[in-house]
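>>> okay, predicted coordinates and the sequence, questions at the end:
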Amino acid sequence: MTLYNWLTLLGIPGMLAAMAAFVRVQLRQNRAVKDGLRAILRDRLLQSFQFCNRQGFADSDDRQNFENMYVQYHSLGGNGVMDDVRRKFFALPINHD
């Protein structure tokens, strides 16, 4: 009996095909989660800017939260669309109350 016959008999090709399919599904799902999380962060960054812009100021906690979200947004592949919003956000006056 040849090696191929033994491998076929033991189901190795089927297991390899199933493993490849599993990896493809996991990569697709990982991409979807990453894109979704990036969209949520972008939305939160915009909401935070709009809220503080309406108030006319941003306190230190707002600034720290915005920067943390901005860094994570870019680590997920953010494309620079938010750079202008970040600039405007940090141009807001600081409220020390």
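Done, it's in.
>>> okay, and L41 sits in which element?
According to DSSP states H and E, L41 maps onto helix 12-55.
>>> and that helix, what does it pack against?
Other elements packing on helix 12-55 under the criterion 3 or more Cβ pairs under 8 Å, 6 or more residues apart in numbering; DSSP states H and E are helix 60-75, helix 83-91. All C-beta spots, glycine's among them, are computed from the backbone N, C-alpha and C.
>>> tell me the angle the lowest-mean-pLDDT helix or strand in the chain makes with helix 12-55.
Least confident helix or strand, the chain: helix 3-10 with a mean of 73, by mean pLDDT, DSSP states H and E. Counting by axes from the mean of the first three to the mean of the last three Cα atoms, to 10 degrees, helix 3-10 lies at 60 degrees to helix 12-55.
>>> how far does helix 3-10 sit from its chain's centre?
With Cα atoms, centre = their mean, to the nearest Å as the basis, helix 3-10 stands 43 Å off its chain's centre.
>>> buried set for that helix?
In terms of neighbour count (16 or more other Cβ atoms under 10 Å), helix 3-10 has no buried residues at all.
>>> quick check: closest non-adjacent residue to R86.
Of all residues not flanking R86 in the chain, Y70 sits nearest, at 5.6 Å (Cβ to Cβ, 6 or more residues apart in numbering).
>>> ok, that neighbour - contacts?
Each residue near Y70 by Cβ atoms under 8 Å, 6 or more residues apart in numbering is listed here: L45, G78, M82, R86.
>>> check Y73 too.
With contacts defined as Cβ under 8 Å, 6+ apart, Y73 is in contact with R38, L41, R42, L45, M82.
>>> swap in F57?
Contact analysis of F57 by Cβ under 8 Å, 6+ apart lists L92, P93, I94, N95.
>>> any idea how far D59 is from the last one?
Going back to what we said before, that points to N95. 5 Å (Cβ to Cβ, to the nearest Å).
>>> good, we can wrap up now.
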